[in-house]
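In: sequence and predicted structure are below.
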Amino acid sequence: MRSGAPASPGMVERLAGLWSALAGVMLVWSMLRPYLPHQLLDHFAGRFLRRHARRLAALLDPYLTVTVAEYDGEKMKRGEVYEQAKAYLSHRCAGRARKLRAEPGRTKRDPFLLSLGDNEEVADEFAGATVWWHAVPSPSRHLGWHHSGGGARRTPAARTASCSTSATATSSWARTSPTSAAWVAPSWPPTAARKLYTNAGDRYASSMWKHVVFEHPSTFDTLAMDPAKKREIMDDLDAFRNGKAYYARVGKAWKRGYLLYGPPGTGKSTMIAAMANYLDYDIYDIELTSVYTNADLRRMLTDTSRKSITVIEDIDCSLDLTGTRHGGRAKKQGRALADDKKEQQPADAEAPPPGPGTAAASRVTLSGLLNFIDGLWSASCGGERIIVFTTNHAERLDPALVRRGRMDKHIEMSYCCFEAFKLLARNYLAVDAHPLFDDVRALLREVDITPADVAELLTPKHAGDDAADSCLAGLVEALTTMKATKKKTRGARRSVVQDDAAGEETVEDQ
Ligand SMILES: Nc1ncnc2c1ncn2[C@@H]1O[C@H](COP(=O)(O)OP(=O)(O)OP(=O)(O)O)[C@@H](O)[C@H]1O
Ligand SMILES: [Mg+2]
C-alpha cells in the first residue's frame, strides 16, 4: 500500500480518457503497420513505446522507490545505510508499526531495539514529504521506502514533472537524507547490543556468521597484569580508535593486528573480551578449521561489521608453516570466550580424527590467511577493524604471519606477578592488604603460576567472614608446594645429569 487517499472522480475520468486514446492509437497503428519498412518500424516503435510506457507508469504511480539492501556489493558487505535506516526507524516509526522485531539493546537505557517486522509498512514524514517504509524479508533482506511529494507539491503537474526530473530529485533527496540531522536517530549510533559472532552458519546461507549477545564481564579493570603493560595496551587501542585521520593520511587501511601469546590460563581470551568492552566493538571469533576455502574466509571477512575485533584463537593449531591444515582448535576442547573455567590439554595432544569441520574438510591455506589479514579485500572493508591471533607457542608461527603490518603489536601474557595478584585479591576477596601478602610476593618470585590458577585459589569455596584468610592461606600453601616440587625436580634433574656425566667418564676410563 502506497497511499491511503481514495481515487477522485477527476482521476477516474482521466483514466477512461486515457484508455480510449490508447485504443485509438492502437487502431491507427495496426492499419499503418503493413505499409512501413520493418527496421524503421522496430526503431521508432521501440523508442515511442518505451517513452510513453514510462510516462504512463509515472502517471499511474508518481512515487519514487529507493531500496536499501542489507548487504552491499552482491551480498558481500553489510550495508551501512541499512543499519542507519534500521536505527532511524526504531526511533521514528516503531510505535506506529503493528509487527516488530526486537533485539537486545546495547545499554541499560535502551534494553532492546525494535525494528520493523517482515512485510510491515509504516508512513513517516520527512522534510515535508511522506515516506512509506516497507520491510522486505529474506533471502535478500532490505528495506524499501516510497517517497511522494508532500502537501501542495502533490499536484498532477508536479507528478508529471517528477518523471522527467526524478533522477535529480531522488539523488538530491537521497544525498541529504541519510546524513541530515533529521535522518539521524536521537541516540545514534545504533543501540543494538554488541554481538559475539562465530562461523557456525551454513556456508550457502546469506551470512556464514551466527551470533549471540556478547556479555563477557571482563574489563581492563578486572584484567590482572602488569599495570604499565596494561596502560600501554589501552593507549595503543585509544590511538587506534582515534586514528582515522592518521591512517587516511599515511595511506594505510584502518586496522590493527594484535598477537597475544603466552601459556594457557594467562588471560589471552580474557584480554580480547576486555578489548571489546573497552572499544565497544563486536567480536567475530573464527573457527578456522570450519572454514572450507580461502574464498569463504574472504566472504566472512567482508561480512563483518565496521567496529569489530576478528579473533583466531590458537592460530598455531589451525595452520602449520607450510599452510597445510591440521587438528585445529578441536585440540583444545571447551575453549570459547565465554568459558571461564577451561580444561587445558597438553599442546601436543592427539588431533581428533578427520570429520566435518576438521582439517580434511578445510582447504584454507597460509596465503589465504595472509590475504585475509592484509590483502586488498581487508583494506576494502572499511575502517576500525582489529584482528587478534592467540597462541601458546609464538615461536611456531610463520614469520610472515606475525610480521609487523600484519600483527602490529605482540603482547606477551605471562605468569602472575605480584601486581596482578593484588588486583585479583581486590576483585575476588575485596582486600587491598593482608599479612600473607609478603609471603605471596616472595613465593611469586620463585614460582610460575598462571592468573587462572591464582583466580581459582582466591575464589571463596564457602560463605564466611574468613574467606580472605582461608583463600590466601590456601594460595600460600599451593605456592609453597609448587616451590618444593620445583626444587625436587631440579634436584632430580641435576642428579641425572651428574649420573650421565659419571657414566661417560666410566666408559672413557675403560
Ligand atoms: N590476567 C587475568 N586476569 C584476570 N583473570 C584471568 C587472567 N588470566 C586468566 N584469568 C582467569 O582465568 C580464566 C582463563 O583465562 P583465559 O581463558 O583468558 O586464558 P587463556 O590465556 O586464553 O588460555 P588458553 O591459552 O588456554 O586459551 C579466565 O576466565 C579468568 O577467570
Ligand atoms: Mg584462550
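Out: Okay, I see it. Ligands and ions are numbered 1, 2, ... in the order given.

In: what comes up buried for stretch 55-68?
Out: 58, 62, 63, 64, 66, 68 (16 or more other Cβ atoms under 10 Å). No exception for glycine: its C-beta is placed from N, CA and C like everyone else's.

In: export the residues you listed to TSV and append columns for secondary structure, distance to residue 246 and pLDDT.
Out: Below are the buried residues of stretch 55-68 laid out as TSV (DSSP: H, G, I helix; E, B strand; the rest coil; distance: Cβ to Cβ, whole Å; pLDDT from 0 to 100):
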residue	secondary structure	distance to residue 246	pLDDT
58	helix	49	70
62	coil	48	68
63	coil	45	73
64	strand	40	74
66	strand	35	77
68	strand	32	77
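
In: how many neighbours does the closest residue to residue 417 other than its chain neighbours have?
Out: Leaving aside its chain neighbours, residue 417 sits nearest to residue 226 (5.9 Å; criterion: Cβ to Cβ, 6 or more residues apart in numbering). Neighbourhood size, residue 226 [other Cβ atoms under 10 Å]: 13.

In: pretty sure residue 226 sits against residue 418.
Out: No. Using Cβ atoms under 8 Å, residue 226 is not in contact with residue 418, being 9.8 Å away.

In: could you list the contact residues of the protein toward ligand 2?
Out: Contact residues (Cβ under 5 Å from the ion) of the chain with ligand 2: 268, 269.

In: follow-up on the earlier one: ok, so of the buried residues of stretch 55-68, who is nearest ligand 2?
Out: Distance to ligand 2, by Cβ to the ion, is smallest for residue 68 among the buried residues of stretch 55-68, at 38.6 Å.

In: quick one: contacts of the helix or strand hosting residue 240?
Out: Residue 240 is part of helix 227-241, with elements assigned from DSSP states H and E. Residues outside helix 227-241 that contact it (Cβ atoms under 8 Å, 6 or more residues apart in numbering) are 220, 223, 256, 271, 275, 278, 279, 384, 386, 409, 411, 419.

In: now the two most distant members of the residues you listed.
Out: The span of the contacts of helix 227-241, defined through Cβ to Cβ, is set by 384 and 419 at 30.9 Å.

In: quick one: the residue nearest to residue 417 from residue 236, how far?
Out: Distance, residue 226 to residue 236, using Cβ to Cβ, to the nearest Å: 15 Å.

In: count of residues packed around the closest residue to ligand 1 within the stretch 1-150 of the chain?
Out: As assessed by Cβ to the nearest ligand atom, ligand 1 sits closest to residue 104 within the stretch 1-150 of the chain, at 22.6 Å. Using other Cβ under 10 Å, residue 104 has 17 other residues around it.

In: repeat that for residue 220.
Out: Per other Cβ under 10 Å, the neighbour tally for residue 220 reads 16.

In: hey, what's the residue of the stretch 1-150 of the chain closest to ligand 1 bridged with?
Out: residue 112 (DSSP bridges).

In: ok, which stretches of the stretch 251-400 of the chain are helices?
Out: 268-279, 294-302, 315-318, 366-374, 376-379, 399-402 (DSSP state H, counting those that start in this stretch).

In: angle of the longest one against helix 227-241?
Out: Looking back up the chat, that one is helix 268-279. Using axes from the mean of the first three to the mean of the last three Cα atoms, to 10 degrees, the inter-axis angle of helix 268-279 relative to helix 227-241 is 50 degrees.

In: quick one: helix 268-279 near ligand 1?
Out: Yes. Interface with ligand 1: helix 268-279 contributes 268, 269, 270 (Cβ under 6 Å from any ligand atom).

In: out of those, which comes closest to residue 370?
Out: Nearest member of those to residue 370, counting by Cβ to Cβ, is residue 268, at 21.6 Å.

In: same for the helix or strand following the helix holding residue 240, what does it pack against?
Out: Sequence order places helix 244-250 as the next helix or strand after helix 227-241, per DSSP H and E. With contacts defined as 3 or more Cβ pairs under 8 Å, 6 or more residues apart in numbering; DSSP states H and E, helix 244-250 has no helix or strand neighbours.

In: other residues contacting helix 244-250?
Out: With Cβ under 8 Å, 6+ apart as the test, helix 244-250 has contacts from 253, 254, 383, 384.

In: what comes up buried for it?
Out: residue 247.

In: can you give me the strands for the stretch 101-250 of the chain?
Out: 112-116, 121-126, 129-136, 142-148, 195-198, 210-213 (DSSP state E, counting those that start in this stretch).

In: likewise the stretch 301-450 of the chain?
Out: Remark: strands assigned in the stretch 301-450 of the chain by DSSP E, counting those that start in this stretch are 308-312, 385-391, 409-412.

In: identify the residue nearest the one residue in the stretch 101-250 of the chain that gets nearest to ligand 1 in space, chain neighbours excluded?
Out: Nearest residue of the stretch 101-250 of the chain to ligand 1 (Cβ to the nearest ligand atom) works out as residue 224 at 3.5 Å. Take residue 224 and drop its neighbours on the chain: the residue closest to it by Cβ to Cβ, 6+ apart is residue 420, 3.7 Å away.

In: residue contacts, that neighbour?
Out: Residue 420 sits next to 224, 225, 226, 451, 454 when contact means Cβ under 8 Å, 6+ apart.

In: sort the contacts of helix 244-250 by pLDDT and name the bottom one.
Out: Taken together, the contacts of helix 244-250 show their lowest pLDDT at residue 383, with 72.

In: any idea how far it lies from ligand 2?
Out: 27 Å (Cβ to the ion, to the nearest Å).

In: and that residue, how many neighbours does it have?
Out: There are 14 residues near residue 383, going by other Cβ under 10 Å.

In: from here on, call the first residue 81.
Out: With the count now opening at 81, the last piece we talked about shows up as residue 463.

In: would you confirm that it contacts residue 334?
Out: Yes. If you go by Cβ under 8 Å, residue 463 and residue 334 touch, sitting 3.5 Å apart.

In: out of the contacts of helix 324-330, who's nearest residue 559?
Out: Nearest to residue 559 among the contacts of helix 324-330, with distances taken as Cβ to Cβ, is residue 464, at 42.4 Å.

In: number of residues surrounding that closest one?
Out: By the measure other Cβ under 10 Å, the count of residues near residue 464 is 19.

In: how about it, nearest residue that isn't a chain neighbour?
Out: Once flanking residues are discounted, residue 464 sits nearest to residue 387: 4.7 Å by Cβ to Cβ, 6+ apart.

In: ok, now residue 298?
Out: Nearest to residue 298 is residue 353, by Cβ to Cβ, 6+ apart, at 4.0 Å.

In: rewinding a little: dump the helices of the stretch 331-480 of the chain into CSV; add mean neighbour count as well.
Out: CSV is the format used below for the helices of the stretch 331-480 of the chain (neighbours: other Cβ atoms under 10 Å):
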stretch, mean neighbour count
helix 348-359, 23
helix 374-382, 19
helix 395-398, 24
helix 446-454, 18
helix 456-459, 14
helix 479-482, 14
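
In: least reliable of these by average pLDDT, please.
Out: Among those, helix 456-459 carries the lowest mean pLDDT, at a mean of 66.

In: give me the subset of the contacts of residue 500 lying in helices.
Out: Secondary structure from DSSP state H places 531, 534 of those in helices.

In: and of the contacts of residue 500, the nearest to ligand 2?
Out: Nearest to ligand 2 out of the contacts of residue 500 is residue 531 (Cβ to the ion; 12.0 Å).

In: pretty sure the closest one sits against residue 504.
Out: Yes. Using Cβ under 8 Å, residue 531 makes contact with residue 504 at a distance of 6.6 Å.

In: overlap in contacts, the two.
Out: Going by Cβ under 8 Å, 6+ apart, residues that sit against residue 531 and also against residue 504 are 304, 496.

In: any idea how many residues pack against the closest residue to residue 511 other than its chain neighbours?
Out: In this structure, residue 511 finds its nearest non-sequential neighbour in residue 548, 4.8 Å apart by Cβ to Cβ, 6+ apart. Residue 548 has 18 neighbouring residues, counting by other Cβ under 10 Å.
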